[in-house]
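>>> I would like to see how this sequence folds:
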Amino acid sequence: MTKKIESEIKQKYNTYIYDVTAKKLFIMIGLAVLMLAYFIYYDIYIRHCDSDSYTRFFPISLGFFLFFFHFFTKEKFKKLKTKLFNLFLISSLLMMYAICLLNIYNDNVLAIAVSGTILVIFLVSLVLETSIINMVFIYFIPIIVFTIILFSFFELSDHHYILTNIYPMVILGFTVNRFTAKQRYKVFKSNYLLNTEKLKTEELYKETQRMNSDLQIKNIEISKNKEQITVQLNEIKLIADELNVSNNTKDKFFSIIAHDLKSPFNSIINFSKLLSENFDKFDVQKQKKFINFINESSQNTFELLENLLLWSRSQQGVIKFNPEKTDLKALLSEIMLNIQEQANNKDIQILDTVSENKIILADKNMLSTVFRNLITNAIKFTSRNGKITISAKEVRGDNNQAFLNISVKDTGIGIAKEKQSKIFEITENTSTQGTENEAGTGLGLIICKEFIETHGGKIWVESKPGEGSCFNFSLPVIP
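Coordinates of the predicted model:
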């Protein structure tokens, strides 16, 4: 390996050390300053040894300075911060030597001071990163000066021999530091060379990629064209589906106008003409019979027109959704005033089991339409002397939200299983005559589904032929 490459690696390694030190500086300096502050407090207020605390002022001051200097400069001055950090470590080591001398002078117990000195030597050996000459100066010059002062100015006794534990730790710390520094440099050097080779390999790979670029571009163009064709086909399919729904909606609309709306008007015209021409010939009972026919056809026609208008407006999106607090019991009472006569005409009992004070969040007009359609359907498909039951049961959703499951159950003719999934779809023709040949379009249930889904609920049916039907839907409850 050339000297130029080795010099470049060393320069990169120094930059790496500066970066690593800068990244860990907040944590290392912060912990060290806190520890020094605790020892100052311990020296002054617990041990009452002010002289030991004086030795800590320079390291802690340097630590504070470095902490705030790094805080304000962020990623700048990394080299200077690394040198200041090394100076902080050295001052901490010198502080421990000074504390040992002060403890000898004051004839204090040396165990804690010696243990602290050994710990600092060990920590410095792990963290400090500098040249071997600096390490010799940092480790051996202070211990030599310490030894000279120790033997020149102090009379040592047997209990002072605990200081001898410091000397092997200095040698061990120096050895560990040099070994770890050497290994750290070797690892960095290996990684650097590996990355260099990796970059060369990547360049070769890129060159190979460039040679195949023309083929890749053509493949991408083919792939894009294929994707565009797929997208266009999906769009065509989507448009076709929308057109199919639109055509079904249009067919349903024309079917209602051509047949379902025309039939009741024919009945009204024919019965009214017959009554007009033969009014004097008919007795009162027959006159009432014809008038009832006309009235019933008029009501059916009005109901059909009302549903047709609602459905048309819902398709155009002009119906505004205005949910408000609604008393379910009171709303049902209002609806029953208009529907009860239809039930009475077929001797059908309507049983409202909904309890008082059931407050729900709903659009009154939409909900009234839903109830009217479900109850009139139940009347239409229930034979004479039948029964319709309206009930509500509170349940809890996944997020603990309270809902009311509302049911309109009849004892009518029921619905075949294969028709149950179709009665809510516009694309299916499911209109059926009632038990007394009442006309129907199937439009009411489609409107019910749209209005219930607008509320965020769902509607479904449970039915068996000959056993009646139960239409259910859910709405949120207000506590």
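
>>> Tell me which stretches of this protein form helices.
For the chain, the helices defined by DSSP state H cover 3-41, 50-54, 57-73, 78-105, 111-127, 132-153, 166-211, 213-255, 262-277, 284-316, 328-345, 364-380, 417-420, 443-454.

>>> tell me the average confidence for the shortest one?
The predicted model gives helix 417-420 an average pLDDT of 84.

>>> Tell me which residues are up against stretch 198-214.
The contact list for stretch 198-214 (CB atoms under 8 Å, 6 or more residues apart in numbering) reads Gln216. All C-beta atoms are positioned from the backbone trio N, CA, C, and that covers glycine.

>>> what do you get for stretch 48-66?
25, 29, 32-33, 36-37, 39-40, 43-44, 81, 84-85, 87-88, 91-92, 95, 98-99, 102-103, 106, 108.

>>> what about stretch 378-386, start to end distance?
One end of stretch 378-386 to the other measures 10 Å (CA to CA, to the nearest Å).

>>> Out of the helices of the chain, which one sits most buried?
helix 364-380 (a mean of 22; mean count of other CB atoms under 10 Å).

>>> could you give the angle of it to helix 443-454?
Computed by axes from the mean of the first three to the mean of the last three CA atoms, to 10 degrees, the angle separating helix 364-380 from helix 443-454 equals 140 degrees.

>>> gap between helix 364-380 and the chain center?
39 Å (CA atoms, centre = their mean, to the nearest Å).

>>> Quick one: list the elements packing against it.
Counting contacts by 3 or more CB pairs under 8 Å, 6 or more residues apart in numbering; DSSP states H and E, helix 364-380 is packed against helix 284-316, strand 324-327, helix 328-345, strand 387-396, strand 402-410, helix 443-454, strand 468-476.

>>> list the buried ones in the shortest one?
What that stands for is strand 324-327. Thr326 (16 or more other CB atoms under 10 Å).

>>> Give me the contacts around it.
Asn357, Lys358, Ile359, Ile360, Leu361, Ala362, Asp363, Lys364, Leu367, Ile478.

>>> Just give me the residue right at the centre of this structure.
Ranked by distance to the mean C-alpha position of the chain (CA atoms, centre = their mean), the top residue is Asn399 at 14.5 Å.

>>> That one and Asn405, how far apart?
17 Å (CB to CB, to the nearest Å).

>>> and what of Val231?
42 Å.

>>> What subset of the contacts of strand 324-327 is buried?
By 16+ other CB under 10 Å, the contacts of strand 324-327 give Lys358, Ile360, Ala362, Asp363, Leu367 as buried.

>>> From those residues, which land in strands?
Judged by DSSP state E, strands contain the following of those: Ile360, Ala362.

>>> Quick check: the two most widely separated of the buried ones among the contacts of strand 324-327?
Within the buried ones among the contacts of strand 324-327, two members stand farthest from each other by CB to CB: Lys358 and Asp363, at 16.3 Å.

>>> where does the stretch 351-479 of the chain dip in pLDDT?
426-431, 437-442, 478-479 (pLDDT under 70).

>>> And for the stretch 1-150 of the chain?
1-2, 13-14, 16-26, 47, 52, 107, 109-111, 122, 126-130.

>>> Quick check: the gap between Ala392 and Ile239.
When distance is defined by CB to CB, Ala392 is 43 Å away from Ile239.

>>> likewise Thr435?
43 Å.

>>> before we move on, what about Lys78?
On the measure of CB to CB, Lys78 and Ile239 end up 63 Å apart.

>>> cool, and Gln433?
Distance from Gln433 to Ile239, counting by CB to CB: 37 Å.

>>> now Arg56
From Arg56 to Ile239 the distance is 82 Å (CB to CB).

>>> Over to Ile104?
For Ile104, the distance to Ile239 - CB to CB - is 96 Å.

>>> contacting residues around the closest residue in space to Asn177 that isn't next to it in sequence?
Leaving aside its sequence neighbours, Asn177 sits nearest to Ser125 (CB to CB, 6 or more residues apart in numbering; 4.1 Å). Counting by CB under 8 Å, 6+ apart, Ser125 touches Leu172, Gly173, Phe174, Val176, Asn177, Thr180.

>>> what residue of this protein is the furthest out?
Farthest-from-centroid check, the chain (CA atoms, centre = their mean): Lys281, 78.3 Å.

>>> quick one: pLDDT of that residue?
At Lys281, pLDDT is 75.

>>> try Asn307
pLDDT, Asn307: 63.

>>> What of the one 10 residues further on?
Predicted confidence (pLDDT) for Gly317: 63.

>>> go on, Ser223?
84.

>>> what's across from Ala362 in the sheet?
Bridge pairing for Ala362 (DSSP bridges) gives the partners Glu324.

>>> was I right about it contacting Pro323?
Yes. Under the criterion of CB atoms under 8 Å, Ala362 makes contact with Pro323 at 5.8 Å.
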